[in-house]
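Asker: Have a look; sequence and predicted model below, questions after that.
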Amino acid sequence: MNTGLREITVDVVVVGGGTAGPMAAVKAKEANPALKVLLLEKANVKRSGAISMGMDGLNNAVIPGHATPEQYVKEITIANDGIVNQRTVDAYAQHSFKDTLIK
């Protein structure tokens, strides 16, 4: 039976395609370009990891006078097929823009 599985040998395995995972993989490769680095992510990049959840883009997406936390929650809910904690996403959206402004 052919399962489609194959065996590979690597030096470093990074688990998680959020913000830290890819950076860890890049830093490992920069530290030693000869390393074989494998980055594992659990799902399609469109709906998995911190970046898809809007962590990097939140401060651009929820700008007072241009977008609302409610709009952000709606978009994140749609993007994740409804599998989100809307109260948590809303709390994040309510506070993130003002907390990260450069003063």
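Answerer: Sure, I can see it.
Asker: Now do the same contact list for V14.
Answerer: G21, P22, A24, A25, A28, V37, L38, L39, L40 (CB atoms under 8 Å, 6 or more residues apart in numbering). Bear in mind the C-beta positions are built from the backbone N, C-alpha and C, glycine included.
Asker: and the spatially closest residue to T9 that is not a sequence neighbour, how many neighbours does it have?
Answerer: Distances taken as CB to CB, 6 or more residues apart in numbering put K36 closest to T9, at 6.9 Å, once the chain neighbours are dropped. Here the number of neighbours of K36 (other CB atoms under 10 Å) works out to 12.
Asker: how much space between K36 and V15?
Answerer: Per CB to CB, to the nearest Å, K36 is found 16 Å from V15.
Asker: Same question for R6.
Answerer: Counting by CB to CB - R6 and V15 are separated by 19 Å.
Asker: More neighbours: these two, which one.
Answerer: V15 (11 against 5).
Asker: Find me the pLDDT at the more buried one, would you?
Answerer: pLDDT recorded at V15 is 90.
Asker: Please name the residues that touch it.
Answerer: With contacts defined as CB under 8 Å, 6+ apart, the neighbours of V15 are G21, L40.
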